[in-house]
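Asker: sequence and predicted structure below; questions after.
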Amino acid sequence: MNPDLQALLDNNRRWAAATEAREPGFFTRLAQQQSPRYMWIGCADSRVPANEITGLDPGEVFVHRNVANVVVHSDLNALSTIQFAVEHLKVKHIMVVGHYGCAGVRAALNGIRIGLADNWLRHVQDVRLRHRKRIDHLPAAEQEDILCEVNVIEQVGNVALSTVLQDAWARGQPVAVHGWVYGLKDGLLKNLQVTMDHPDKVVGVFAAALKRYPRPPAAAHDAATDAADTGFGPASL
């Protein structure tokens, strides 16, 4: 066997033995049922492991990952995973988690071609175009971080407006969607204060979150234009 792969198998055996020694019966209980309270929707980046970042064991967080932590209503993979988490596992919290230094966000911001993923990253480019007046006036060093944050806010809104969440709330199921960003440089999670737990809160929470990224005075709009610019105004609901 390839020595690199053998090293992984050896690591696995050591990890399993250490886990069982620390908590006897752990794997027997885990095999019987998964009952996580949390769902993590994050980037596929290998530097952002959901369980380790949050200090959770296997079985405690249900994970869906893709390039640039995007949730769109045409992605049946993401929606099916969210539906399973909400309707079958009964998770209480869904965290959409981006991370600073995201290569997908950087490509979308700077128009960098990386291949087939360019088509997927059009979703992030759309976010960048929609909020360009909140981003373009910033120093170049800040634009990428802000787009990471705004992209998370947009995806939280997309989860909240999905039929899965709308149906869950309609039947009175308690489930909330949150937006976080992870810092590769310090290992810390930043709460973007964009929690949505009821259909009536979606637009207000979204608008309040975006106000933290003001346009320059010359780009000020009236309230109606602002709602249309976000894509979450009443007309879009």
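Answerer: Yep, it's here. Residues are numbered from 1 along each chain as shown.
Asker: make it CA atoms for all contacts and neighbour counts henceforth
Answerer: Fine.
Asker: report the mean per-residue pLDDT for stretch 98-110.
Answerer: Average pLDDT, stretch 98-110: 97.
Asker: what about the longest helix in the protein?
Answerer: Across the chain, the longest stretch assigned as helix under DSSP state H is helix 140-161.
Asker: A strand includes residue 39, no?
Answerer: Yes: checked against DSSP: H, G, I helix; E, B strand; the rest coil, residue 39 lies within a strand.
Asker: can you pull out the helices in the protein?
Answerer: 3-22, 26-32, 50-54, 76-83, 103-110, 117-130, 132-135, 140-161, 163-170, 202-210, 223-230.
Asker: where does pLDDT dip in this protein?
Answerer: Across the chain, the ranges flagged by pLDDT under 70 are 219-237.
Asker: so it: which segments form each domain?
Answerer: Following automatic domain parsing, one finds the domains of the chain at 1-32, 33-236.
Asker: ok, the closest residue to residue 153 other than its chain neighbours - contacts?
Answerer: Of all residues not flanking residue 153 in the chain, residue 179 sits nearest, at 6.2 Å (Cα to Cα, 6 or more residues apart in numbering). Taking Cα atoms under 8 Å, 6 or more residues apart in numbering as the contact definition, residue 179 lies against 95, 96, 97, 152, 153, 156, 191, 192, 193, 194, 195.
Asker: and for residue 68?
Answerer: Taking Cα under 8 Å, 6+ apart, one finds 42, 43, 44, 98, 102, 103, 104, 105, 121, 124 in contact with residue 68.
Asker: ok, it to residue 209 distance?
Answerer: 19 Å (Cα to Cα, to the nearest Å).
Asker: could you check how many residues crowd around residue 98?
Answerer: Applying other Cα atoms under 10 Å, we find 32 residues neighbouring residue 98.
Asker: what of residue 143?
Answerer: For residue 143, using other Cα under 10 Å, the count is 19.
Asker: tell me how far it lies from residue 205.
Answerer: Shown here: residue 143 relative to residue 205, a distance of 22 Å by Cα to Cα.
Asker: and if you look at residue 118?
Answerer: Taken as Cα to Cα, the span from residue 118 to residue 205 is 30 Å.
Asker: and the residue nearest to the spatial centre of the chain, bridged to which residues?
Answerer: In the chain, the centroid-proximal residue (Cα atoms, centre = their mean) is residue 96; its distance is 2.3 Å. On the basis of DSSP bridges, residue 96 takes part in beta bridges with residue 41, residue 179.
Asker: isn't it right up against residue 43?
Answerer: No: at 9.1 Å, residue 96 does not count as touching residue 43 under the criterion of Cα atoms under 8 Å.
Asker: other SSEs contacting the longest helix of the chain?
Answerer: Applying 3 or more Cα pairs under 8 Å, 6 or more residues apart in numbering; DSSP states H and E, we find helix 140-161 packed against strand 93-99, helix 103-110, helix 117-130, helix 132-135, strand 176-182, helix 202-210.
Asker: apply 7 Å and report the result again.
Answerer: strand 93-99, helix 103-110, helix 117-130, strand 176-182, helix 202-210 (3 or more Cα pairs under 7 Å, 6 or more residues apart in numbering; DSSP states H and E).
Asker: how far is the second one from where the chain is centred?
Answerer: Here helix 103-110 shows a centroid-to-chain-centroid distance of 16 Å under the convention Cα atoms, centre = their mean, to the nearest Å.
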